[in-house]
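K.L.:
predicted model follows, preceded by the sequence.
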Amino acid sequence: MAKSFLLFFLLIAASHAQQKITLEDIYTNNTFATEGLPSFHFMYNSDSIISMRTDQHGAALQKYSFENPDRIETILDSRNLEEMNSFDSYQFSSDESKIIVGTHSEKIFRRSSRADFYVYDRLTKKLSRIAAYKIQEPLFSPDGLKVAYAFENNLYVKDLISGKATQITSDGEINKIINGITDWVYEEEFYFVRAFEWNTGSDKIAYIRFDESEVPQFVMDKYGNELYPGQMVFKYPKAGEKNSEVSLHLYDLKTAKSAKVDLGNNLQHYIPGIQWSNDPNTLAVTTLNRHQNNMNLLFVDSKTLKSRLVLNEKDAAYIKLADDLTFLHDNSYIWSSERDGFNHLYHYDKTGKLINQITKGNWEVTDFFGFNGQTQTVFYQSTEEGSTNRGLYSIGITGNNKKKLSKNTGTNSAVFSSSFQYYINTFSSTDRPFVYTLNDSSTGEVIKEIKNNDALKAKTGLYQVPVKEISLLQTKNGDFNMLMMKPNDFDPAKEYPLLMYQYSGPGSQSVSNSWYNHRDFFHATLVQEGFIVAIVDGRGTGFKGRDFKKMTYKQLGKYEVEDQIEAALVLGKEPFIDEDRIGIWGGSYGGYMSCLAITKGADVFEMAIALAPVTSWRYYDTVYTERYMQTPQENPLGYDENSPLNFAHLLRGDLLIIHGTGDDNVHVQNSMQMANALITANKDFEFFVYPDRSHGISEGKNTRVHLYRKMSKFIHESIGKSAEP
């Protein structure tokens, strides 16, 4: 009753004058924050849900029963633990009798961290610390009797019965040798940190060893609050430079010995993935050449240490990372590939022979959720309802009996129970904030709504939140997905300034049928002041097939900026847009694009903001850059003809460059070089530096408000000079 009254009150209030959105609403007060299911997963051995709740009192793991979803059982509560006040991560053993919990986490890079980790025994109610120091990536053995972890570039195994910890590597050394944890570039571009895995028999550990001795070193000043600044020193391979030398090793717990696996000619340059099959003696390894257009899938026999090639993928441009390899009970496996022009699922037998292509069509599989062995059913997410939407589907392993499970058009994602009988569907669209439902996986029917954000939907009605309109923009370069936001009191007889946002990186997507994110609400603060905001996904972006995405190969920036310029020209012809007041902004790859747009597109764009921009691909890392560009030695023109450093003399409009000095990803060196090029060309521009902030420029109190207030002021003073509130 109270909830219904609140919604009624908000709806009545929304019919009166709407409030303006402030930056504090977005970034300080979390006025538009959505409710969700924090850190939830299905239990391994029952169709129940575990969710982590955190508040000022600490953290707790809570179990929700399917039979009675309103009944909550507390599995672990930090208030009952003397050793810790709270925890920020958790991991169950396979039999769910033990839990690893982490506390006092310290961030290292984007995905890596170290923390104090403990094992909680649910039977004895005892908590024991794994090590007396902060460690990385602790992982239960499948039998739940041991934990492997990394400390100072070496690997250890702790026996949970005896309490004894065994060091299994000894040559680890900072900035030289890393065992079982990825180096900086693998973590950033191959998206994983833990480079070790237990076999299903719990008696062997496979791990990757990184020798980064010859990788060039990068030094970054850390200003802090001390009298003298410190330095962060780490290995960062820039395009064309040396990478870590990687090798694969197997540690046998029975013999307490490690052995190097000789992959022979199939080793190639990178090892972007290792995964044990259901056979405790068979390890799957993917290797990739430096150009990343030739990928091998190898099976290694852990007894003989011999490997055999079971699958080879090639592409004229580059290979999509194989991050969804899934073994079935008979050790056949499911693999995704873009070989027919779109990303689809394939079924191979254990020898690597193709059994059949599971999914087909001029659309993309965007996520693979798993396989139900009892019903021989595959579950996946795709763009079958259009590239800006995500739907949920099931299909037989043979490619027959496809069924659409999701009921609403927009962005659907899912987490399936271990039995695959149920899943939690997360849905949102441009006009509906996140809704979480429990669904039957055989029909897709909703069993119960778990959580919605109806109160948030009503609350947004109190504010000047513009509608997100998705359409297809027709240009001479092609038809592109576009999102546009107009003032709520839009008058087609008026002329409005236009601000374009884009990211444009390979395979990315900025236009989607989903609820508002922080950036959308920032755009709303401008729209309420009389701006129109548009986002256009041009060539090189994702989910429209291989050819659309990979046409930018070896020429990053060329077609992408042509499409943003052309989009601005087309939109500028609209009677309600002032073609003399068009600006563009973006961060990272989008910052790179903004620098190109305001120089190569100087006749079109009056203003640009570049956050943490790449200004020459020569300054960026090997794995990302060479995937799309090859090396600078092989493709010098591709690097230089699309570097804004070489077009600084064309600048005529207003340019604001913003960068964090603590950016370990896109180094502030990029912006410094752009500043030098602009100074040499005698061009006026603005440059702002955030001390010690990383790539996202988010650390510290008020940083986000400060950043977006600075951007807003610049936008208003540049293209908003005559914008009507």
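P.N.:
Everything's here; your move.

K.L.:
over to the most centrally placed residue in the chain: give its phi and psi.
P.N.:
Nearest to the geometric centre of the chain sits Tyr191, at 8.2 Å (CA atoms, centre = their mean). Taking degrees, to the nearest 10, you get phi 70, psi 30 for the backbone angles of Tyr191.

K.L.:
quick one: it and Leu321, what's the gap?
P.N.:
Separation of Tyr191 from Leu321 (CB to CB, to the nearest Å) stands at 8 Å. Bear in mind the C-beta positions are built from the backbone N, C-alpha and C, glycine included.

K.L.:
do His706 as well
P.N.:
36 Å.

K.L.:
with Ala148 instead?
P.N.:
Relative to Leu321, and taking CB to CB, Ala148 is found at 24 Å.

K.L.:
more crowded one of these two?
P.N.:
Using other CB atoms under 10 Å as the criterion, Ala148 and Leu321 rank with Ala148 on top: 24 against 18.

K.L.:
quickly list what the more buried one is bridged to.
P.N.:
Ala148 forms beta bridges with Leu139, Val157, as assigned by DSSP bridges.

K.L.:
quick check: it vs Thr282, distance?
P.N.:
From Ala148 to Thr282 the distance is 19 Å (CB to CB).

K.L.:
what do you get for Arg709?
P.N.:
57 Å.

K.L.:
can you check Phe234 too?
P.N.:
For Phe234, the distance to Thr282 - CB to CB - is 35 Å.

K.L.:
again with Gln633
P.N.:
With CB to CB as the criterion, Gln633 and Thr282 are 39 Å apart.

K.L.:
the more surrounded of those two?
P.N.:
Taking other CB under 10 Å, Gln633 and Thr282 do not tie; Thr282 has more neighbours (18 against 9).

K.L.:
for the more buried one, which residues are in contact?
P.N.:
Listed by CB atoms under 8 Å, 6 or more residues apart in numbering, the contact partners of Thr282 are 276, 299-302, 331.

K.L.:
so which of those belong to strands?
P.N.:
276, 299-301 (DSSP state E).

K.L.:
where in the stretch 501-650 of the chain is pLDDT low?
P.N.:
The model of the stretch 501-650 of the chain has no residue with pLDDT under 70.

K.L.:
all strands of it, in order?
P.N.:
532-537, 577-587, 607-611 (DSSP state E, counting those that start in this stretch).

K.L.:
after the lowest-mean-pLDDT helix or strand in the chain comes which helix or strand?
P.N.:
Least confident helix or strand of the chain, by mean pLDDT, DSSP states H and E, is helix 2-14 with a mean of 49. Next in sequence after helix 2-14, counting helices and strands by DSSP states H and E, comes helix 23-27.

K.L.:
what's in contact with that next one?
P.N.:
31-32, 463, 518, 521-522, 525, 704-705, 708-709, 712.

K.L.:
repeat that with 10 Å
P.N.:
Here helix 23-27 makes contact (CB atoms under 10 Å, 6 or more residues apart in numbering) with 19, 29-33, 463, 516, 518-522, 524-525, 698, 702-709, 711-712.

K.L.:
what's the ChimeraX line that selects buried ones from those?
P.N.:
A single ChimeraX command suffices to select whichever of the contacts of helix 23-27 are buried according to 16 or more other CB atoms under 10 Å:
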select :31,32,463,516,520,521,522,524,525,703,704,706,707,708,709,711,712
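
K.L.:
now do the contacts for Met52.
P.N.:
Applying CB under 10 Å, 6+ apart, the residues contacting Met52 are 37-41, 59-62, 75-76, 87-90, 101.

K.L.:
who does it form a beta bridge with?
P.N.:
Going by DSSP bridges, Met52 forms beta bridges with Leu61.

K.L.:
how much space separates it from Phe427?
P.N.:
22 Å.

K.L.:
how does this protein divide into domains?
P.N.:
Following automatic domain parsing, one gets these domains for the chain: 36-167, 171-323, 463-718.

K.L.:
would you mind finding the most buried of these?
P.N.:
Ranked by mean neighbour count, the domains of the chain are led by domain 463-718 with a mean of 20 (mean count of other CB atoms under 10 Å).

K.L.:
quick one: it to chain centroid distance?
P.N.:
Counting by CA atoms, centre = their mean, to the nearest Å, domain 463-718 is centred 19 Å from the centre of its parent chain.
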